[in-house]
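*Asks:* generate a structure from the sequence data that follows.
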Amino acid sequence: MVEFTETAMPEKSKCTRKGSPMTKSLPDRSGIAAVALPDRSPKMTNRSAMTNDPLAGRANPRTARGRRVRDLFRSLVARLSERDPVAEAQALKIAELTALAEVARAKAAELVDQVAADKASIAAFAVMINAITRAEGTARRAMIDFKGSVAAKPKPTLLQQKLAQEGKLP
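*Replies:* Numbering: from 1, shown residues only. Modelled structure (predicted):
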């Protein structure tokens, strides 16, 4: 048997625990305002860190590439009518692939002069061009999928259109 006593409460507030339920006789507290219980309904804040902030840890705002990813991501997410984690993940993938292809293309442009002077780097340059082409192709296909998912909203039926015109549709 465990006994709890509280010094701030009147003497009849001693708690005794017998078995699993805890029994307690409380003093009359009718003069104290009722305290609202916390809302136990599921909220959208109980999500993973990636869902709450998709750019956290993925795009460093201190680098030019990170800022470019952030700008591309925000412009793609602005096209969404409502918050959709799947569409946001697609938008982040598109932004990262596009920024990656842009950086690789810029590096390839710098290497053009060196390739002409050094025959050994021709093979490396060809591999780089292949990587750029693949990254751009993947980004392009992801963008087509993204546009399809954003635009894939069902059209209202004729009845819904008529009710909307009459102002009877909520």
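
*Asks:* for residue 156, helix, strand, or coil?
*Replies:* coil (DSSP: H, G, I helix; E, B strand; the rest coil).

*Asks:* again with residue 131
*Replies:* Quick answer, by three-state DSSP: residue 131 is helix.

*Asks:* run a quick neighbour tally on it.
*Replies:* 14 (other C-beta atoms under 10 Å). All C-beta atoms are positioned from the backbone trio N, CA, C, and that covers glycine.

*Asks:* grab the nearest non-local neighbour of it.
*Replies:* Leaving aside its sequence neighbours, residue 131 sits nearest to residue 104 (C-beta to C-beta, 6 or more residues apart in numbering; 6.0 Å).

*Asks:* burial check on the one you found, number of neighbours?
*Replies:* Residue 104: 18 neighbours (other C-beta under 10 Å).

*Asks:* residue contacts, it?
*Replies:* Residues in contact with residue 104 (C-beta atoms under 8 Å, 6 or more residues apart in numbering) are 128, 131-132, 135.

*Asks:* right, and the helix or strand after the host helix or strand of residue 65?
*Replies:* Per DSSP states H and E, residue 65 falls inside helix 64-77. Going down the chain from helix 64-77, the next helix or strand is helix 85-117, by DSSP H and E.

*Asks:* quick one: residues contacting the residue lying closest to residue 121 once chain neighbours are set aside.
*Replies:* Closest residue to residue 121 apart from its sequence neighbours, by C-beta to C-beta, 6+ apart: residue 115 at 5.3 Å. Residue 115 makes contact with 121-122, 125, according to C-beta under 8 Å, 6+ apart.
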